[in-house]
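Novice: build me a model:
(one chain, ligands or ions: 2)
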Amino acid sequence: MSRTSPSNEPADEAANKPSSSARDLWRLIRTGRPSPVALSVAAIAAIASVAGTLWFPVQTKQMIDGFGRGQVDVWAILGLVAILAAAALLNAASAYLLARVGYRLVARLRQSLIDKLLRLPVASFDRESSGERVSRVVRDCESISELIARQTVNLLTGVLLLVGSIVVLLLLDVRLTLALIGSIGAAFAIMIPIAFLLDGLSRRIQDRTARFSGILTHIFQEIRLVKAFTAEPRERERSRGEIDGLMRLGLRVARVNVLLEPLMSLAMTLAIIIILVYGAARVAAGEITVGTLTAFILYIFNVATPLMQLTHFTAELQKAKGASARIAAILLEEEEQTRPGTAERLPGQTLEFHDVSFAYDGRDAAVLRGIDLRFEPGRTVALVGTSGSGKTTLLSLIERFYQPSGGRILYGGRPIGEFDLRQWRGSIGYVAQSAPVMPGSVRDNIAYGLDGEFDDEQLRSAARRAGALDFIEKMPQGFDTLLIEQGNNLSGGQRQRIAIARMFLRDPDILILDEATSALDSETEHQVKLALDELMRGRTNIIVAHRLSTVMHADRICFLDAGRISGMGSHVELLATHPHYARLVERQFRRPSETELALAP
Ligand SMILES: Nc1ncnc2c1ncn2[C@@H]1O[C@H](COP(=O)(O)OP(=O)(O)O)[C@@H](O)[C@H]1O
Ligand SMILES: [Mg+2]
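Specialist: Ligands and ions are numbered 1, 2, ... in the order given. I've put the predicted structure just below:
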């Protein structure tokens, strides 16, 4: 296929870096496995259609010269029409085939990009905003397919048409050909800087549009925040700045375009006049026929159109190269776990932290330092500490969202990295602070991420045990009610209870509750606590909670202080020995009933 990398330096061993975007592009096109058959058929059809287009002026010339001699050749006219029709059909066929190749390519590319993104570790998503990731999958893949589907056929037919026309013209008349190339060449020499100007402008418009949509996504995602802080005027101003910027860029493009178009047609007219005047003189001198002159006039378009397509192609090529560099960067990122697990995971083992430390990528300060902890089956460990002390981070390490920077996490004596990742996570139940829901029905959400079918009775029973059945049945379509984006049609407590219902179905070995009951009112919390007590029976439980009523019944309480464990023991022990804990209890649980509880032995 086309040599798309004229600017690329000769390949050498050291160039195996993501900097070579032409190579990335080529690799991505190959990843998309464009069908060689479809590509060859399309190319043949394109060549045939170019041949037809090239033949047309020659046939016209013969016909006109025939008129001159007083002959009207009906067959020649019919032949002309047939050639034009065939050329149009072949052109359409090749365009369709190439479009098909392009769409399949973009589909495969998107699929492999999404597969890859889903296999990336959580840390990778801390680095780039989700909006940018979305634009990789949606826009960047599209510009690669645009290049393949549309621009390659333009390039192919354009080059063929250009070369073919010049050859035919040279055969017809050398001096007139040189005049034609000279005049059209001059016209294009003026156009090229303008084309580059347009190119740069259109890329800036693209970038700014991307930024604008990013800003809008943010505003609408956080619409409650915007409204609660009556920040609408601020956001309106910010959007207006972007909108104005886009408008000014658009106007500049329009100004260049309105200049370009008359300039273009002026240049074309001049070229035609030059050919006409010079040609007419040669006709008068009897050196060429009227038919030849007509053919030359027709060929002007065959030469000018491909030149325009070529400038377009280089612009699209630049865009696709940029896009593939960005996509290739993602495809090169390290995946979460590529090898299968080497150890068999048996339920009911002890989970241990040995001197574990952790720092987030790109941050110097360690979030966890020297953590030694044991989580035993059937026991409950509560993590307590001020916010930001690293509780959620510690839980993320158990989920293997991140790798510890130092120390070891063992399960049944084996490093947890040895277990198959899917199986490992499948045995952990994680109820997060925010209890997110996915788009889908209540039913889908309760069964989310679980293999196998669950009948209505199982779902209802799980919901009942989580204290969720009452409100689900009050919803318009019960279990079939659709939960919209971010579960905005549910209260925080309702989302929590759906998450807890999911846990009853999932039946995990290790249960992690990260402030799972903090969003509940005390009445609901009481119900859910009974449910949780049942859920927690016989499992390895790790809970983070603010409420003393939850924490004080844990077998062991672990106090985290800026990433270090500063105290460990039962509630009573800590209360006696750990001034920080005592103060936390004093501050957070000042409500009379709970203070009484706190003071109770
Ligand atoms: N994804 C992240 N990237 C970088 N820093 C983070 C990230 N998540 C949390 N942190 C930082 O790690 C520290 C501990 O956070 P976290 O574990 O969420 O605390 P807690 O759950 O105890 O409130 C905080 O200082 C927080 O700013
Ligand atoms: Mg937290």
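Novice: any idea how the protein splits into domains?
Specialist: The record assigns the chain these domain ranges, following automatic domain parsing: 18-170+323-333, 174-287, 349-427+540-601.
Novice: and the second one, end to end?
Specialist: What that stands for is domain 174-287. Between the opening and closing residues of domain 174-287 we find a distance of 12 Å, counting by CA to CA, to the nearest Å.
Novice: for that domain, the distance to its chain's centre please.
Specialist: Relative to the centre of its chain, domain 174-287 is centred 28 Å away, using CA atoms, centre = their mean, to the nearest Å.
Novice: what does the longest one give?
Specialist: Offset of domain 18-170+323-333 from its chain centre (CA atoms, centre = their mean): 24 Å.
Novice: quick one, which of the domains of the chain gets closest to ligand 1.
Specialist: domain 349-427+540-601 (3.2 Å; CB to the nearest ligand atom). No exception for glycine: its C-beta is placed from N, CA and C like everyone else's.
Novice: give the residue spans of the stretch 301-450 of the chain that score low on pLDDT.
Specialist: Segments of the stretch 301-450 of the chain classed as low confidence (criterion: pLDDT under 70) are 338.
Novice: could I get the full set of strands for it?
Specialist: Ranges of strands within the stretch 301-450 of the chain are 351-358, 368-375, 380-384, 406-411, 414-415, 428-431, 440-441, based on DSSP state E, counting those that start in this stretch.
Novice: near ligand 1, which residues of the stretch 101-250 of the chain?
Specialist: Taking CB under 6 Å from any ligand atom as the contact definition, the stretch 101-250 of the chain meets ligand 1 at Asp126.
Novice: re the thing from before, most packed of the strands of the stretch 301-450 of the chain?
Specialist: With neighbours defined by mean count of other CB atoms under 10 Å, none of the strands of the stretch 301-450 of the chain is more surrounded on average than strand 380-384, at a mean of 23.
Novice: which elements pack onto that strand?
Specialist: Taking 3 or more CB pairs under 8 Å, 6 or more residues apart in numbering; DSSP states H and E as the contact definition, the neighbouring helices and strands of strand 380-384 are helix 391-398, strand 540-544, helix 548-551, strand 556-561.
Novice: check contacts around Arg539.
Specialist: Each residue near Arg539 by CB atoms under 8 Å, 6 or more residues apart in numbering is listed here: Pro377, Gly378, Pro508, Asp509, Ile510, Leu511.
Novice: how close does Ala76 sit to Leu161?
Specialist: Ala76 is 23 Å from Leu161, where distance means CB to CB, to the nearest Å.
Novice: more neighbours: which of those two?
Specialist: A count of neighbours by other CB atoms under 10 Å puts Leu161 above the other of Ala76 and Leu161, at 24 against 15.
Novice: take the strands of the stretch 301-450 of the chain and lay them out in JSON lines including distance to His526.
Specialist: Compiled in JSON lines, these are given as follows (distance: least, CB to CB, whole Å):
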{"stretch": "strand 351-358", "distance to His526": "30"}
{"stretch": "strand 368-375", "distance to His526": "26"}
{"stretch": "strand 380-384", "distance to His526": "18"}
{"stretch": "strand 406-411", "distance to His526": "33"}
{"stretch": "strand 414-415", "distance to His526": "40"}
{"stretch": "strand 428-431", "distance to His526": "17"}
{"stretch": "strand 440-441", "distance to His526": "28"}
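Novice: quick one: those as TSV, columns for distance to ligand 1 too.
Specialist: Formatted as TSV, the entries for these read as follows, by distance: least, CB to the nearest ligand atom, whole Å:
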stretch	distance to ligand 1
strand 351-358	9
strand 368-375	8
strand 380-384	8
strand 406-411	16
strand 414-415	22
strand 428-431	13
strand 440-441	26
